[in-house]
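S.K.: Got a predicted structure plus its sequence, pasted below:
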Amino acid sequence: MRNPVADQVVNMKPSGIRKFFDIVNEMSDAISLGVGEPDFDTPWHIRDEGIYSLEKGKTFYTSNSGLLELREEICKYLDRRFSVKYDPKSEVIITVGGSEAIDVGLRAMINPGVGEEVLIPQPSYVSYEPCAILAGAKPVIIELKNENDFRLTAQELLDAITDKTKVLVLPFPNNPTGAILEKSDLEAIAKVCIEKDIYVMSDEIYAELSYKDDHVSIASIPGMKERTILINGFSKSYAMTGWRLGYACGPKVIIEQMTKIHQYAIMCAPTTSQYAAVEAIKNGDDDVKEMREAYNQRRRFLVNAFKEMNLPCFEPFGAFYIFPCIAEFGMTSEEFCTRFLMEEKVAVVPGSAFGDCGEGFIRISYAYSIENLKLAIGKLKVFVERLRAAK
């Protein structure tokens, strides 16, 4: 009988995040610090707008690219916050979360079967490598280093580029490390991209969660807008994960091809979510500020807690993750997380879930209440002391 499934999918590893999520769901008394989902409810004025759209019967398909009003507001927002100008009619597409934008964007840019390469800095979000493979590209991993605070350097980029390189994924602020790139970092990377004629997929879903300086988009660097697909969305900054809404902005020629794929696979993003997103982006700045301040409080608590625990950890300045090193205990990150979950009933994610160079680290999400964080970190302290005593 003929093989009914695709080899490239069979060979794909399941998400290392979901494994621990599924286990902890069966443990009623466990604490999860594993999922990157805000603990805040979507603000009421945003929910109200979604409800109102339903009450008014706005339940039909939008255009494939999304509501023009939403695209216009996104362009105003990107200009206001990050000094990047886009044409809402030709350079923006609304997608089902940022994840669809990653998938569709790579498929729109990659020619399968000719060996085109996608550079992926790791540790990073779990979707990039599988999406590159499904698009027909060869993923090439750039291993980021702890001693550089997991930043991508221009030299690391230059060393990875070949004549087959087409796209660089730029995942900053970073999941899982919380690393950021500052303007000087981006300028050096941009210079390499322009000289070597490669495109950038800049995943800026955590752009509003930056705790050092304001986020800088690589698309704002001279010469980069025309070679950058900027990806963002509403899940993290507006606490709208379940609404499943993201967007991509970029050169008209690429957005047109992305829209074709989106048109056949999805049709359009959820209409109700789009109306809610218009309200979020027009009137949600105060909500974003309030949530960012809460995350920053939690971030500072964790940085101090790891110092007191003598657990090595660089200070993250973006997203809502922290990435302490657990290499001293002589076990894999998956073994550490499994034992921690079984013995102390707290779920965190192995660093290896985000690439081989994440081995020896764990990812802790602080998208949880400070009360849960204090309880979980108390358990981690007990666990670490027990491991050290046993050495």
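M.R.: That came through fine.
S.K.: Tell me how far residue 26 lies from residue 17.
M.R.: Residue 26 sits 16 Å away from residue 17, going by Cβ to Cβ, to the nearest Å. C-beta: built from backbone N, CA, C; applies to glycine.
S.K.: I'd guessed residue 255 sits against residue 261; true?
M.R.: No. With contacts defined as Cβ atoms under 8 Å, residue 255 does not count as touching residue 261, sitting 11.0 Å away.
S.K.: Please report phi then psi for residue 346.
M.R.: Dihedral pair for residue 346: phi -130, psi 130, per degrees, to the nearest 10.
S.K.: Outline the domain layout of this protein.
M.R.: Domains of the chain are assigned by automatic domain parsing as 7-42+286-383, 59-284.
S.K.: what's the closest of the ones you listed to residue 48?
M.R.: domain 59-284 (7.7 Å; Cβ to Cβ).
S.K.: hang on, the earlier thing: out of residue 255 and residue 261, which sits in the more crowded spot?
M.R.: Counted by other Cβ atoms under 10 Å, residue 255 and residue 261 do not tie: residue 255 has more neighbours, with 23 against 16.
S.K.: quick one: that one from residue 247, how far?
M.R.: Separation of residue 255 from residue 247 (Cβ to Cβ) stands at 10 Å.
S.K.: Please enumerate the shared neighbours of the two.
M.R.: Taking Cβ atoms under 8 Å, 6 or more residues apart in numbering as the contact rule, residue 255 and residue 247 both touch 92, 93.
S.K.: chain center to stretch 66-75: distance?
M.R.: How far stretch 66-75 lies from its chain's middle: 22 Å, per Cα atoms, centre = their mean, to the nearest Å.
S.K.: scratch that, stretch 85-95 is what I was asking about
M.R.: For stretch 85-95, the distance to the chain centre is 21 Å (Cα atoms, centre = their mean).
S.K.: Okay, buried residues for it please.
M.R.: Buried positions in stretch 85-95, judged by neighbour count with 16 or more other Cβ atoms under 10 Å: 86, 88, 91, 92, 93, 94, 95.
S.K.: Likewise for stretch 194-207?
M.R.: 198, 199, 200, 201, 202, 203, 204, 205, 206, 207.
S.K.: Can you say which two of the residues you listed are spatially most distant?
M.R.: Maximum pairwise distance among the buried residues of stretch 194-207 (Cβ to Cβ): 23.0 Å, between 198 and 206.
S.K.: show me the residues around the nearest residue to residue 270 once chain neighbours are set aside that make contact.
M.R.: Leaving aside its sequence neighbours, residue 270 sits nearest to residue 244 (Cβ to Cβ, 6 or more residues apart in numbering; 6.4 Å). Residue 244 sits next to 96, 97, 235, 269, 270, 273 when contact means Cβ under 8 Å, 6+ apart.
S.K.: Surely the third one touches residue 95?
M.R.: No. Residue 235 sits out of contact with residue 95 when judged by Cβ under 8 Å, with a separation of 11.6 Å.
S.K.: Identify the contacts common to these two.
M.R.: In terms of Cβ under 8 Å, 6+ apart, residue 235 and residue 95 are both contacted by the residues 245, 246.
S.K.: in stretch 68-87, what counts as buried?
M.R.: Neighbour-count burial for stretch 68-87, with 16+ other Cβ under 10 Å as criterion, is recorded at 70, 71, 72, 73, 74, 75, 77, 78, 82, 84, 86.
S.K.: Secondary structure element holding the fourth one?
M.R.: With secondary structure defined by DSSP states H and E, residue 73 is part of helix 68-82.
S.K.: Next, residue 233: phi, psi?
M.R.: With angles defined as degrees, to the nearest 10, residue 233 sits at phi -180, psi -170.
S.K.: I'd like to know how many residues surround it.
M.R.: Using other Cβ under 10 Å: residue 233 sits among 28 other residues.
S.K.: What residue, apart from its backbone neighbours, is nearest it spatially?
M.R.: Spatial nearest neighbour of residue 233, excluding adjacent residues (Cβ to Cβ, 6+ apart): residue 246 at 3.1 Å.
S.K.: Alright, that wraps it up for me.
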